[in-house]
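Enquirer: 3D, please:
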Amino acid sequence: MKSENYLQINKQTWNNKVAIHIDSDFYEQEQFLNGKITLPQTDLEALGDVTGKRILHLQCHFGQDSLSLARLGAKVTGIDFSEEAIAKAKALNEKLHLNAKFICCDVYDTLQHITEKYDIVYTSYGTIGWLPDLDKWASVIAGALKPNGKLVFFEFHPVVWMYDNDFNEVYYNYFKSEPIYEEETGTYADRNVENEYQTITWNHSLSEVFQSLIKHNISIKNFQEFDYSNYNCFSHTEEFVPGKFRIQKFGNKIPMMYGIVGKLEN
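Expert: Sure thing, here's the model as predicted:
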């Protein structure tokens, strides 16, 4: 079963993507190096004032958002399973003279690599689809937070993942079922690159997300759905206002992302 090797297959894919992503227009690396805060406004509003806050950033890729939080005064620890991504994040941290910390590990193993509790756990956009078990994910979040600590979680809406890549038909199950195995070329950051990738992912319904968090004593304090994406990472999009993207033929008729703010109850 290929799904048994999902971690190895996906890690190789993400290791291969790092150099491509850094050089892509999508990530605007030059602007970031010159001081741009890369987190979207939706996320910044949910996070609030992060000055002096200890933040654990799960699945941080090569660290732009983690380092942006450090620029805003947070004490950040970024986690990612890609050795290439974490190596680049550490190099950027040193280059920018920031004080973020980066750890390379499977997100499920996070608690084995940290020794402190955090004010905020932050994770965003294209993260949980790589994870087969949200119960384990939520247990990591609960285990990492201080009492009354805050979860800030933004993700693409599961309705978006039901469609094929060209949004011609409903192709996948809204609810988690069999692993989704795909072979593709290109990446959301550069569709013209000729690298071939294999991925294994899972769809997760909103109810699955909510129940996993509630089970681990994380109460939902705020939930929002958005009829746009903060990122131009899908096919056949239109930018209807600066920085907000929709699938052109759907307009505002489908949800494209959602945000959850939770609190770890005592």
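Enquirer: wait, N222 sits on G259?
Expert: Yes - when contacts are counted by C-beta atoms under 8 Å, N222 is listed as touching G259 (7.4 Å). Where C-beta positions appear, they are placed from N, C-alpha and C, glycine not excepted.
Enquirer: these two: which has the busier surroundings?
Expert: The residue with more neighbours, out of N222 and G259, is G259; 19 against 11, by other C-beta atoms under 10 Å.
Enquirer: skipping its backbone neighbours, what lies nearest P179 in space?
Expert: Once flanking residues are discounted, P179 sits nearest to S3: 4.1 Å by C-beta to C-beta, 6 or more residues apart in numbering.
Enquirer: shared neighbours of N222 and G259, anything?
Expert: Common contacts of N222 and G259, defined by C-beta atoms under 8 Å, 6 or more residues apart in numbering, comprise A46.
Enquirer: which strand in this structure runs the most residues?
Expert: strand 145-156 (DSSP state E).
Enquirer: where do the helices of this protein begin and end?
Expert: Here the chain has its helices, by DSSP state H, at 6-22, 29-33, 41-47, 64-71, 83-95, 134-144, 206-215.
Enquirer: quick one: buried residues of the second one?
Expert: Buried residues in helix 29-33, defined by neighbour count with 16 or more other C-beta atoms under 10 Å: Q29, F32.
Enquirer: residues contacting the nearest residue to K117 once chain neighbours are set aside?
Expert: The shortest distance from K117 to any non-neighbouring residue, by C-beta to C-beta, 6+ apart, is to K146 (4.3 Å). Shown here is K146, whose contacts under the criterion C-beta under 8 Å, 6+ apart are K117, Y118, D119, L264.
Enquirer: what's the weakest-modelled helix or strand in the chain?
Expert: strand 180-185 (a mean of 89; mean pLDDT, DSSP states H and E).
Enquirer: the inter-axis angle of that one versus helix 6-22?
Expert: Strand 180-185 and helix 6-22 meet at an angle of 30 degrees, taking axes from the mean of the first three to the mean of the last three C-alpha atoms, to 10 degrees as the criterion.
Enquirer: which residues of the stretch 101-250 of the chain score low on pLDDT?
Expert: Counting by pLDDT under 70, the stretch 101-250 of the chain shows no low-confidence range.
Enquirer: quick one: the strands in it?
Expert: Ranges of strands within the stretch 101-250 of the chain are 101-104, 118-124, 145-156, 180-185, 196-201, 218-226, 237-241, 244-247, based on DSSP state E, counting those that start in this stretch.
Enquirer: got TSV for those, with distance to N168 too?
Expert: Output for these, formatted as TSV (distance: least, C-beta to C-beta, whole Å):
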stretch	distance to N168
strand 101-104	38
strand 118-124	28
strand 145-156	18
strand 180-185	16
strand 196-201	19
strand 218-226	23
strand 237-241	15
strand 244-247	11
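Enquirer: winner for burial among the ones you listed?
Expert: Highest mean neighbour count among the strands of the stretch 101-250 of the chain (mean count of other C-beta atoms under 10 Å): strand 118-124, with a mean of 23.
Enquirer: so what secondary structure elements neighbour it?
Expert: Contacts defined by 3 or more C-beta pairs under 8 Å, 6 or more residues apart in numbering; DSSP states H and E place strand 118-124 against helix 41-47, strand 54-58, helix 64-71, helix 134-144, strand 145-156.
Enquirer: of the ones you listed, which is nearest N230?
Expert: Proximity to N230 (C-beta to C-beta) singles out helix 41-47 among those, at 6.5 Å.
Enquirer: mind listing what's buried in the closest one?
Expert: Using 16+ other C-beta under 10 Å as the test for burial, helix 41-47 gives T42, D43, L44, A46, L47.
Enquirer: what about the fourth one, distance to I180?
Expert: By that I understand A46. When distance is defined by C-beta to C-beta, to the nearest Å, A46 is 28 Å away from I180.
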